[in-house]
Every structure is written in structure tokens, then in C-alpha cells.
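Undergrad: kindly return the folded structure for what I paste below:
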Amino acid sequence: MINPVHPIFSEHSLDAITKATGLVVICVDAAGSFGPSAKRVNRLMKGALKKMADSDIFDKMEEGDIQRFPAPLGLIADAVLLLKMKKRPTIDIARKCGANIAKEAGKSHINLFVTANSRAAQLAFGIAAVIGHLFPIYTGFRGGKGIATLLGLLTGLHTEAALYSILVFVIVFVTSKYVSLGSILASIAFPILVILILGSTNVSLNLFAFFVPILSLITHQKNIERLLRGEETKVKFGKNN
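TA: This next block holds a predicted model:
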């Protein structure tokens, strides 16, 4: 059985790159653009990353392809991965990137550094993880459960909004005893919290916030039908209920 990997995103300072363990993943777009983190690693590698990005080999690489380099002196990581990925990858490309990184990583820690829109990259890989849990390969792309993974992603992206959404879930669940209803209303609350109440100005995050209730409604179609018919199962509290 395949054990799903739950991505954890954290901020990295340039100084933290040298202390990163496992794999250091540098994302570079088709134009070979380097951000501050890529430039820092490239200097440690005496220009090897830039030479690769300017080479015919890089031009022939498809999006999601990886080139592996041994970690240079100055890094304690096991290796450096150069990942070709544009700033706004499609979901299919994001899944390919995640799969290729996972193959290289094994059980190693993964430290992902991007050239520009880090929030967009987080969302791309996060969405890929959620979809992978909803439609797992090892069960024929059906029967998956992605809500728990989605909750982990929301907590990493906007902890405050995620916590308030969890509070909405708890209130609805305790009062109605319907898990599905709590999940649906909590997902609807998330974009309202992010955009209207907490005032996010991040375009990528705001667009994703609208995606959350849509995904929840899609995955809860049968629950919604049972709720409308009054046939949804309630959770019973206590031995006498």
C-alpha cells in the first residue's frame, strides 16, 4: 500500500538554505530565470545551475523534468534538484512535478525554493496533493478522501482562516450532528474569512479560496442529496442516544 505524503510549507531565509537537510529543490522557469535562493545555491555550486539552465539539455527538458546534482560544499543537503516549472503550472504539470520530486526524495526531507511567486507554487503542489488523495492511483482514481489533506493545506496557507473554519465546523457539527454539513459550511466560510473578513490581497490565495467550497460541494454530492431527503446519518453522542 502506498503511504500518502502530506506536504508542509515553511518560509526559508537565504541563510537557511545552507542548513537545509534532505533535498534542495530549485524551481526555474523555461526562460531560466533565477531568484535569490537559486542564485545563492548557484554560487555555492560555482555556476553549475546557471550553466545547466543556459544549456541545450535544459531547453529540451519538459516541464516537470528534474536534473539532479550532488550537494556542493557549503550545503548539508543530500543533493540539489533543478526543477523546470513555469510560474503558473497547470494541475497536471504540478502533479508531474510532485511525482518526480517524490521519486527522487524517497524518505528524504524536501526543501522547495521558487524563483518568484512562492504562494502560487505552494498552491500548485498543494492542489496536486489534494487531487491525488481524492483520486488515488492505487484505487483506480476513485474512493479517495481529500478533505483531511485539504484542511492541512488550508492550515499551512492561512492558519487564522483555517482555524476559524474549523470553529464553524465544530459549531455546526455539535448543533446538527451532521459531519458533512459541518464540512460544507466550513468550506464555504473559508473564502469569506480570507477575502472579506481577514482582507487577503494575495490573488493566488483568493482564487484558491473560491476553489475550496467548489471542491467540497463536488466531493459531498451524495451527502447533500441525503441531507435534502432527510436521510443523512447523524453522529450519536453518548451511550443512551
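
Undergrad: quick one, domains of the chain?
TA: Here the domain parsing of the chain from automatic domain parsing is 14-137, 147-229.

Undergrad: make TSV out of the ones you listed and add mean neighbour count, distance to Phe237 and mean pLDDT.
TA: All C-beta spots, glycine's among them, are computed from the backbone N, C-alpha and C. Below are the domains of the chain laid out as TSV (neighbours: other Cβ atoms under 10 Å; distance: least, Cβ to Cβ, whole Å; pLDDT from 0 to 100):
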stretch	mean neighbour count	distance to Phe237	mean pLDDT
domain 14-137	17	29	78
domain 147-229	17	7	87
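
Undergrad: out of those, flag the one nearest Val235.
TA: Closest approach to Val235 among those is made by domain 147-229 (4.9 Å; Cβ to Cβ).

Undergrad: please name the residues that touch the closest residue in space to Leu150 that isn't next to it in sequence.
TA: Computed as Cβ to Cβ, 6 or more residues apart in numbering, the closest residue to Leu150 that is not its neighbour in sequence is Val130, at 5.0 Å. Going by Cβ atoms under 8 Å, 6 or more residues apart in numbering, Val130 touches Gly146, Thr149, Leu150, Leu153, Leu215.

Undergrad: okay if I get those as TSV plus distance to Asp59 and secondary structure?
TA: Listed next are these as TSV, based on distance: Cβ to Cβ, whole Å; DSSP: H, G, I helix; E, B strand; the rest coil:
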residue	distance to Asp59	secondary structure
Gly146	36	coil
Thr149	35	helix
Leu150	37	helix
Leu153	33	helix
Leu215	36	helix
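
Undergrad: closest to Phe208 out of the residues you listed?
TA: Of the contacts of Val130, the one sitting nearest to Phe208 (Cβ to Cβ) turns out to be Leu153, at 9.0 Å.

Undergrad: Arg40: which of the contacts of Val130 is nearest?
TA: Taking these together and measuring to Arg40 by Cβ to Cβ, the closest member is Leu153, at 27.4 Å.

Undergrad: how near is the closest one to Ala102?
TA: 16 Å (Cβ to Cβ, to the nearest Å).

Undergrad: kindly report the same for Ile218.
TA: For Ile218, the distance to Ala102 - Cβ to Cβ - is 25 Å.

Undergrad: for Val170, which non-adjacent residue is spatially closest?
TA: Gly182 (7.3 Å).

Undergrad: that neighbour - that's part of a strand, no?
TA: No: under DSSP: H, G, I helix; E, B strand; the rest coil, Gly182 sits outside any strand and is assigned helix.

Undergrad: ok, it - contacts?
TA: Taking Cβ under 8 Å, 6+ apart as the test, what Gly182 contacts is Val168, Phe169, Val170, Ile171, Val172, Phe173, Ser176.

Undergrad: hmm, try it at 7 Å
TA: Phe169, Val172, Phe173 (Cβ atoms under 7 Å, 6 or more residues apart in numbering).

Undergrad: if I look at Leu193, how far off is Gly22?
TA: For Leu193 relative to Gly22 (Cβ to Cβ), the value is 34 Å.

Undergrad: where do the helices sit along this structure?
TA: 36-44, 48-53, 56-60, 91-105, 118-134, 147-157, 159-176, 179-191, 203-219, 221-229 (DSSP state H).
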